[in-house]
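J.: Here is my input; please provide its structure:
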Amino acid sequence: MADTFDPLWKSVLRRDLADFVAFFFPQFSNEIDWGQPHRLRDKELNQFRREGRPRTLIADLLVSAFLRDGREVLLHVEVQAQREPNLARRILAYNYGLFDEYGLPVASLVLLADAGKRWRPDAFHNCVLGTEMGIRFAVAKLSSYAQLVDELLLERNVFAWVAAAHLLAQRTHGMSPVRYMEKWRLVRLLYERGWHRRRIINLFKVIDGLMALPPELQERLRRNIVRLERRRDVEWISPMFQLCRQEGRQEGRQEGRREGAIDLLERQLHRRFGALSPTVQKRLAKASPEQLAQWSEAVLDAQTLKQVFSSRS
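T.: Prediction:
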């Protein structure tokens with residue numbers, strides 16, 4: 001089962017940026033005036049991705065904030081999933097590009113979330129004929145907490161729990177029964193901490209997403225959570241499973257209709273133009289419901305297979 005971390009890190013970064021800085025970069029947290037509103041500026045960051053979003057990147061964020069001395073700055077945050085040879089050079093390009101475009105000092109804070117211990121790039125420099133160019137930026141290493149998971153779960157900081165869940169997801173990759181036990185342990189601890197409802201729900205969403213389980217173990221977890229909440233006379237997490245079921249059934253019905261449309265179109269195409277090549281079959285399998293409907297209409301009048309796929313509604 002593949003683990004997908006990207007959207008989870010992004011959402012919790014947006015919601016709890018102050019906790020992220022306080023946990024991973026505590027030396028800078030008190031310099032930022034968190035009482036002042038900060039503004040997300042992700043659109044500005046996107047324009048500096050000349051070659052698209054790096055595949056090794058879990059999440060990134062650009063925020064304008066104020067320091068306690070009154071200066072406005074840009075905070076450029078990255079969470080890096082695995083080694084990227086040109087990471088430091090790319091951070092330099094982003095940092096200077098943002099500074100040049102907006103005239104504000106830029107602080108780049110990079111969390112390295114790869115499982116290794118030695119990779120820790122924090123600078124890029126180039127010096128030639130008396131001209132020097134470069135950058136040094138702040139780096140934190142998630143693997144440095146690998147032996148401290150139990151201690152992390154005693155913390156109130158949201159990102160202590162995010163870090164613990166991420167590390168446990170890495171540790172239990174390919175070991176679903178072990179992951180189930182760890183995930184169930186985290187859920188029980190959420191309630192034992194005595195936190196308020198919204199905090200428990202938000203943290204559970206992160207844990208649930210980072211530590212994905214096969215359907216049978218997820219169902220087992222759901223039943224245990226239902227029993228746990230009945231004992232505590234609450235309904236906080238268990239309704240989320242019902243919503244997911246409803247969404248799943250809806251998605252299942254939609255996928256069923258799409259597969260039926262593909263099957264019908266394949267028969268129509270085969271009858272009109274003969275056996276379909278693997279390329280055509282793959283194209284049908286990837287098509288949206290709208291494309292399938294359009295091609296189903298086009299096949300009635302098209303003289304060639306090419307005309308079917310080149311039709312425009």
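
J.: Relative to Ala163, how far out is the closest residue to Ala113 other than its chain neighbours?
T.: Counting by Cβ to Cβ, 6 or more residues apart in numbering, Ala113 lies nearest to Leu142, which is 4.4 Å off, once chain neighbours are set aside. From N, CA and C alone the C-beta is placed, and that goes for glycine too. When Cβ to Cβ, to the nearest Å is applied, the distance between Leu142 and Ala163 equals 6 Å.

J.: Next: Asp69.
T.: For Asp69, the distance to Ala163 equals 30 Å [Cβ to Cβ].

J.: Those two: which is more packed in?
T.: Set Asp69 next to Ala163 and count neighbours by other Cβ atoms under 10 Å: Ala163 wins out with 25 against 7.

J.: If you count contacts, what does the helix or strand encompassing the more buried one end up packed against?
T.: According to DSSP states H and E, Ala163 maps onto helix 158-171. If you count contacts as 3 or more Cβ pairs under 8 Å, 6 or more residues apart in numbering; DSSP states H and E, helix 158-171 packs onto helix 6-15, helix 17-24, helix 149-152, helix 176-192, helix 197-210.

J.: So which of the ones you listed has the densest surroundings on average?
T.: Mean neighbour counts were compared across these using mean count of other Cβ atoms under 10 Å; the top stretch is helix 17-24, at a mean of 22.

J.: average pLDDT for the following helix or strand past that one?
T.: The C-terminal neighbour of helix 17-24 among helices and strands, as given by DSSP H and E, is helix 26-29. Helix 26-29 shows an average pLDDT of 94 in the prediction.

J.: now for helix 26-29, which elements pack on it?
T.: Using 3+ Cβ pairs under 8 Å, 6+ apart as the contact criterion, the secondary-structure elements in contact with helix 26-29 are helix 17-24.

J.: May I have the helix it packs on as PDB, with CA atoms only?
T.: As requested, C-alpha coordinates have been extracted for helix 17-24 and formatted as PDB (Å, rounded to 0.1, in the frame of the first residue of the first chain):
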ATOM      1  CA  LEU A  17       2.300  27.200  10.900                       C
ATOM      2  CA  ALA A  18       3.200  28.600  14.300                       C
ATOM      3  CA  ASP A  19       3.400  25.100  15.800                       C
ATOM      4  CA  PHE A  20       5.600  24.000  12.900                       C
ATOM      5  CA  VAL A  21       8.100  26.700  13.500                       C
ATOM      6  CA  ALA A  22       8.000  26.300  17.300                       C
ATOM      7  CA  PHE A  23       8.600  22.600  17.000                       C
ATOM      8  CA  PHE A  24      11.200  22.200  14.200                       C
END
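
J.: Show me how far that helix is from its chain's centre.
T.: 17 Å (Cα atoms, centre = their mean, to the nearest Å).
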